[in-house]
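Student: This is a predicted model, with the sequence first.
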Amino acid sequence: MNYKIEGNGETLVFIHGLSDNLLYWEFLATHLKEDYQVLRVDLRGHGETELGNEEVTIDALTDDLKSLLDELQIENANLIGFSLGGAIALDFATRYPKMVSSMVLMSAFYKSDEHLANVLNQFKNALNCGFEEFYDLILPMVLCPDVIEDNLDELNFLKKLALQSANTQAYIQVADACLNFNVEDELSNIDAPTLIMAGKYDEISLLTSQEDLKRKIKNSTMIVFDDVKHNLLVGKNMGKILYILKNFFKKKKM
């Protein structure tokens, strides 16, 4: 399992989303490693982590993370998960609660409802045609039109760059894992302080679903960003989210 660990202090574990890798967290890691030990990981079949031969499930991805934390002798950590990463954080918190100091869930989901299942099946169909088709499908789902228009050249460059290392078969297997994911009945057992961050116009993890998640986790707060879709880490929100995270972790200690 490929990972990068930097800094010293209380551990923050960053878990990326489908088709991303640990570089997704570069901005936050650069600024948070001054005060915390920051651990970023590449999930199975993503980045520089191999897919392997075992069946891919959310439980398996969670156990990968558990094994890594055990290897690094990290007994307690703050989990920060985006989308798929949020699902893994939730699964981890329900199965290994003593190891979770807090959670930050960004554009997360706790089960594959009818809407999400439809989206995931669209992803799979596009991935079966190739990564470029998947990229073109997902881009308007995760970014607002003005962001795409203002950054078109950079987005096209990122598309070509991602194409070089994309593992479409891994992404299909992980999409299947998400289709079978459901921790709804366990959410009431989570007592770690939880911060939920959602995009008002999220087309993948609907705002209504994330509001349900907030109601089901008793020790949780929620922040809704009114100018984004699924991907929250864009533009001015990057600095805003950094500020929110710093305050959240400071308050948690009090």
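Tutor: Yes, it's here. For clarity, every value in this text was computed on a predicted model and none was experimentally measured.

Student: Report the contact partners of residue 188.
Tutor: Residues touching residue 188, when contacts are defined by Cβ atoms under 8 Å, 6 or more residues apart in numbering, comprise 216, 217, 218. (Each C-beta comes from the backbone N, C-alpha and C, glycine too.)

Student: From those residues, which land in helices?
Tutor: Judged by DSSP state H, the subset of the contacts of residue 188 located in helices is residue 216.

Student: Quick one: which of the contacts of residue 188 is the most crowded by neighbours?
Tutor: Taking other Cβ atoms under 10 Å to define a neighbour, the member of these with the most is residue 217, carrying 24 neighbours.

Student: picking that back up, confidence-wise, which of the contacts of residue 188 comes last?
Tutor: In terms of pLDDT, the weakest of the contacts of residue 188 is residue 218, which scores 93.

Student: just to revisit the earlier point, include distance to residue 75 when you put the contacts of residue 188 into a markdown table, please.
Tutor: Compiled in a markdown table, the contacts of residue 188 are given as follows (distance: Cβ to Cβ, whole Å):
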| residue | distance to residue 75 |
| --- | --- |
| 216 | 27 |
| 217 | 23 |
| 218 | 24 |
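
Student: Out of the contacts of residue 188, flag the one nearest to residue 227.
Tutor: Distance to residue 227 across those (Cβ to Cβ) is lowest for residue 217, with 25.0 Å.

Student: Against residue 88, how distant is residue 207?
Tutor: The span separating residue 207 from residue 88 equals 21 Å under the rule Cβ to Cβ, to the nearest Å.

Student: Check residue 186 too.
Tutor: Distance of residue 186 to residue 88, given as Cβ to Cβ: 14 Å.

Student: How about residue 9?
Tutor: In this structure, residue 9 and residue 88 are 23 Å apart, going by Cβ to Cβ.

Student: quick one: which of the two has more around it?
Tutor: Using other Cβ under 10 Å as the criterion, residue 9 and residue 88 rank with residue 88 on top: 27 against 13.

Student: Buried ones in the one helix or strand the more buried one maps to, by neighbour count?
Tutor: In this structure, residue 88 sits in helix 84-95 according to DSSP states H and E. Of the residues in helix 84-95, those scored as buried under the neighbour-count criterion (16 or more other Cβ atoms under 10 Å) are 84, 85, 86, 87, 88, 89, 90, 91, 92, 93, 94.

Student: now do the same end-to-end measure for stretch 35-54.
Tutor: According to Cα to Cα, to the nearest Å, stretch 35-54 extends 37 Å from its N-terminal end residue to its C-terminal end residue.

Student: Averaged pLDDT, that stretch. What do you get?
Tutor: The average pLDDT for stretch 35-54 rounds to 96.
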